[in-house]
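Peer 1: everything below, folded, please.
(one chain, ligands or ions: 1)
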Amino acid sequence: MVQPTSKVLEMGGLKKIYINKSQVEAQIKTILETHPVKDDHLNAWLVKAVTVIDLTTLSGDDTRSNVFRLCVKAANPLPSETQEKLGLKESIRTAAVCVYPNRVKDAYEAMKLMKLTKEINIAAVATGFPSGLYPLETRLQEITYAVSSGATEIDVVLDRSLALTGKWDELYYEVQQMRKACNKAHLKVILGVGELGSYENIYKASMVSMMAGADFIKTSTGKEAVNATLPIGLIMCRAIRRHYQATGVRVGLKPAGGIKTARDAVNWLVLVYTELGPEWLTPKLFRIGASSLLGELINSFVLKKD
Ligand SMILES: O=C[C@H](O)COP(=O)(O)O
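Peer 2: A predicted model of the protein is given here:
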């Protein structure tokens with residue numbers, strides 16, 4: 001569990017930050033061009049992608065039975081034939097399932113029935129998801145409720161208005177309170193990048209969240225108009241790297257929202273590999289939040305014909 005770096009926010013050099021948009025886009029192009037994924041390595045990248053998915057359902061019509069189905073899919077994400085043809089001896093799982101607070105109990109029961117409570121994380125979105133525009137008191141109560149229902153990870157969402165109006169101290173304070181409310185559960189902070197107004201604000205919100213004790217920073221709720229894009233991912237990786245260099249603490253990255261194709265998933269893996277290094281490519285430090293990616297990954301494996 002990551003602890004806040006100090007009680008008071010020290011913005012220091014962050015105030016003068018300037019990010020050149022076209023340079024960021026050019027850097028993404030270079031990274032992808034210089035790290036092509038070869039055909040004979042594709043299956044390994046796709047398996048990696050499956051193991052870092054936070055398999056998500058965040059719909060208004062979620063029920064106990066579709067959460068049970070989601071958990072079964074997280075426990076056995078690959079069809080047995082695919083698994084055999086890939087030569088995978090051990091079962092692979094997704095990293096987590098991600099649900100609304102009221103569905104955590106269902107996920108916990110499903111995992112308990114399958115004896116997988118220690119293997120697959122249960123993530124709950126909380127703190128007035130997706131807007132974050134609710135009183136802090138009730139947002140913290142949601143965290144406590146989700147943790148007591150069995151959530152091992154809490155995906156909190158920032159109140160974007162605090163970033164947009166430069167109230168970084170208040171944002172820092174709120175994330176610190178969320179950290180406390182999570183207790184032993186991991187804290188994943190959703191920045192809501194599509195509503196932060198600028199790349200500079202994305203960088204600052206990343207740093208403030210990490211300094212306040214985030215275990216992961218996550219791009220989006222999946223409900224904004226702009227969600228997880230690679231240029232934004234690059235900015236967040238650079239923030240994670242700077243935080244690691246300054247504190248020695250490794251914070252995870254979770255892109256989420258609109259990641260739907262195998263190509264999207266592999267590009268994110270390549271980005272994290274090149275920017276943060278191979279040690280980040282584990283479920284402890286990298287997740288992909290997605291509701292419909294798994295089927296696409298399964299269809300993209302290159303398998304020998306019988
Ligand atoms: O946190 C995860 C996102 O809500 C999933 O977004 P998606 O439905 O676009 O895959």
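Peer 1: for the rest of this, base every contact and every neighbour count on C-alpha atoms.
Peer 2: Fine.
Peer 1: number of nearby residues for residue 217?
Peer 2: By other CA atoms under 10 Å, the residues close to residue 217 number 29.
Peer 1: so which bits of the protein are right by the ligand?
Peer 2: 56, 221, 222, 256, 257, 258, 259, 289, 290, 291, 292 (CA under 6 Å from any ligand atom).
Peer 1: give me that answer again for 8 Å
Peer 2: Of all the residues in the chain, those in contact range of the ligand (CA under 8 Å from any ligand atom) are 54-58, 98, 125, 220-223, 227, 256-260, 288-293.
Peer 1: and those residues, which of them are buried?
Peer 2: Among the residues of the chain next to the ligand, those classed as buried by 16 or more other CA atoms under 10 Å are 54-58, 98, 125, 220-223, 227, 256-260, 288-293.
Peer 1: quick check: the gap between the residue in the stretch 1-150 of the chain positioned nearest to the ligand and residue 285.
Peer 2: Per CA to the nearest ligand atom, residue 56 is where the stretch 1-150 of the chain lies closest to the ligand, at 5.7 Å. Look at residue 56 and residue 285: by CA to CA, to the nearest Å, they are 18 Å apart.
Peer 1: now swap in residue 255 and tell me
Peer 2: 12 Å.
Peer 1: ok, those two, which is more surrounded?
Peer 2: residue 255 (27 against 18).
Peer 1: hmm, the more buried one is touching residue 287, no?
Peer 2: Yes. In this structure residue 255 lies within contact range of residue 287 using CA atoms under 8 Å: 6.9 Å.
Peer 1: what about residue 122, which helix or strand?
Peer 2: Here residue 122, judged by DSSP states H and E, is contained in strand 121-126.
Peer 1: same thing with residue 268?
Peer 2: Short version, using DSSP H and E: residue 268 is in helix 262-276.
Peer 1: for that helix, buried residues please.
Peer 2: 262, 265, 266, 267, 268, 269, 270, 271, 272, 275, 276.
Peer 1: now tabulate those residues in CSV and tack on pLDDT.
Peer 2: Shown next, in CSV, are the buried residues of helix 262-276 (pLDDT from 0 to 100):
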residue, pLDDT
262, 97
265, 98
266, 97
267, 97
268, 98
269, 98
270, 97
271, 98
272, 98
275, 97
276, 98
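Peer 1: which one of those residues is nearest the ligand?
Peer 2: residue 265 (11.2 Å).
Peer 1: direction included, what does the strand holding residue 122 pair up with?
Peer 2: Applying DSSP bridges, strand 121-126 is found paired with strand 96-99 (parallel), strand 153-157 (parallel).
Peer 1: so which of these comes closest to residue 299?
Peer 2: Across those, residue 299 has its closest neighbour in strand 96-99 (20.8 Å, CA to CA).
Peer 1: quick check: mean pLDDT of that closest one?
Peer 2: The average pLDDT for strand 96-99 rounds to 98.
Peer 1: give the buried residues for the next helix or strand after that strand.
Peer 2: Next along the chain after strand 96-99, taking DSSP H and E as the criterion, comes helix 104-113. Buried residues in helix 104-113, defined by neighbour count with 16+ other CA under 10 Å: 104, 105, 106, 107, 108, 109, 110, 111.
Peer 1: can you give me how far helix 104-113 is from the chain middle?
Peer 2: Here helix 104-113 is found 21 Å from its chain centre; the criterion is CA atoms, centre = their mean, to the nearest Å.
Peer 1: who are the packing partners of that helix?
Peer 2: In terms of contacts (3 or more CA pairs under 8 Å, 6 or more residues apart in numbering; DSSP states H and E), helix 104-113 is packed against helix 64-75, strand 121-126.
Peer 1: let's have these in TSV, adding mean pLDDT.
Peer 2: Putting the helices and strands packed on helix 104-113 into TSV (pLDDT from 0 to 100) gives the following:
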stretch	mean pLDDT
helix 64-75	98
strand 121-126	98
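Peer 1: between those, which one is closest to residue 44.
Peer 2: Nearest of the helices and strands packed on helix 104-113 to residue 44, taken as CA to CA: helix 64-75 at 18.5 Å.
Peer 1: rewinding a little: next, the residue of the stretch 1-150 of the chain closest to the ligand: phi, psi?
Peer 2: Residue 56 adopts backbone torsions of phi -120, psi 140, taken as degrees, to the nearest 10.
Peer 1: how about it, what does it touch?
Peer 2: Applying CA atoms under 8 Å, 6 or more residues apart in numbering to residue 56 gives the contacts 70, 97, 98, 99, 289, 290, 291.
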